[in-house]
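Chemist: just need the structure, nothing else, for what follows:
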Amino acid sequence: MPLDPDRPLDAVLIGRLQRDYLLPFDRPARVDSLGGALPYAAAGMAMWGGRAGLVARVNAGYPLEWLERLQDLGCDLRGVKKVEEAIDSRRFIAYSDPLTPHSENPLTFFAERQLPFPRELLGYDASRERYCSKTDYQPYSLRVNDVPRAFLELSAAHICPVDFISHKILPSVLKAGLIQSLTMRASPCYMDPAYWEEMRALLSDLTGFMLSEAEALRLYQGRSVDLWEIMEGLAAYGPEFIILSRGDGAVQVLDRVRKLRALIPAYANRTVDPTGAWDVFDGACLLHYRLNYDPIEGALGGQIAASFAIEGSGPYYALDALEGLKEARLDMLRQRLRLV
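Modeler: Residues are numbered from 1 along each chain as shown. The predicted model follows:
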């Protein structure tokens, strides 16, 4: 059911819109479909009743009709900007088991599954997604004037993985408005010792920072392998909380303000397609955090949203959760969280 169009937006979500080519482990392929971190984050917020203003850069040929369901749920697309630059929006992910993704050699994976190879993937180079420049803009990098002025009057924002330049400039742009709660998920390309000196400035304006276990260990290579110690170090740069997603699906939450540590397990269910699950988590987490400014409650809401997302494929799957099931799972998971 569409939400009340007169209710104010809950947050602005900033990220990438991509064209996904997904090969889940034992489910049908999703070829040239809505993807990228941004729609997953928006779906995570929408499944709990939240509405977001979306910001992204796309090329002229991107099918914005893919976003109609989010628009029907109250999302504002004024920040989705079509640009003249050529943006390679393709994203290929194949799974060799339910949880192990691969982004290289799409021809091999399609051939192994005896599927016709999409002509659109000819020339696909996954290494471009792993590249991060400290100084140069990519065509999809966000610019200072990409965020509509009306979105700067909201009180909350989340920045999805984009690139280093976008993550460097956006926090100060958002904080110059009325944004009070600002979260950001790390982009894998800069979670590397080569960016060690840049991390303090990158995190100083954030309310919360999300990253994965693998990213934390890669950034702190040679410095620490203690995940809580790493989170404490990142929190010292300014964020009020750090949320680390572990390889087993659990999350560690460090609340610097209240001096709390929490471990929240994954909700036990079958994984069909984990693509975008942590982005779904982020959208739901921000909405729940804003209820009483409790990052542990935020992470609980995020975990439940992610639990629905991995049961199917695509950003919209989590939106079809049965009435009352979200709340039941939330109550169950809250009993399993542990303060450490």
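Chemist: who's in contact with Y62?
Modeler: 17, 19, 82, 87, 89 (Cβ atoms under 8 Å, 6 or more residues apart in numbering). C-beta coordinates here come from the backbone N, C-alpha and C atoms, glycine included.
Chemist: ok, of those residues, which one's closest to A305?
Modeler: Taking Cβ to Cβ as the measure, L17 is the one of the contacts of Y62 closest to A305, at 19.6 Å.
Chemist: give the contact list for the closest one.
Modeler: Taking Cβ under 8 Å, 6+ apart, one finds 34-36, 38-39, 56, 58, 62, 67, 80, 89 in contact with L17.
Chemist: okay, it: pLDDT?
Modeler: pLDDT recorded at L17 is 98.
Chemist: ditto for M1
Modeler: For M1, the model assigns a pLDDT of 36.
Chemist: do Y40 as well
Modeler: Y40 is assigned 98 on the pLDDT scale.
Chemist: residues near it, how many?
Modeler: Using other Cβ atoms under 10 Å, Y40 has 30 neighbouring residues.
Chemist: that one and R27: what is the separation?
Modeler: Between Y40 and R27 the computed distance is 17 Å (Cβ to Cβ, to the nearest Å).
Chemist: and stretch 259-273, average pLDDT?
Modeler: pLDDT averaged over stretch 259-273 gives 95.
Chemist: mind listing what's buried along it?
Modeler: Across stretch 259-273, burial judged by 16 or more other Cβ atoms under 10 Å covers 261-264, 266-267, 271-273.
Chemist: helices or strands up against the helix or strand harbouring L38?
Modeler: According to DSSP states H and E, L38 maps onto helix 37-46. Where contact means 3 or more Cβ pairs under 8 Å, 6 or more residues apart in numbering; DSSP states H and E, helix 37-46 is packed against strand 11-14, strand 52-59, helix 68-72, helix 277-292, helix 295-309.
Chemist: centre-most residue in this protein?
Modeler: The centroid of the chain falls nearest to D279 when counting by Cα atoms, centre = their mean (2.7 Å).
Chemist: quick check, D331 in a helix?
Modeler: Yes. D331 forms part of a helix when assessed by DSSP: H, G, I helix; E, B strand; the rest coil.
Chemist: go ahead and confirm L54 touches L73.
Modeler: No. Contact criterion Cβ atoms under 8 Å: L54 and L73 do not qualify, at 11.5 Å.
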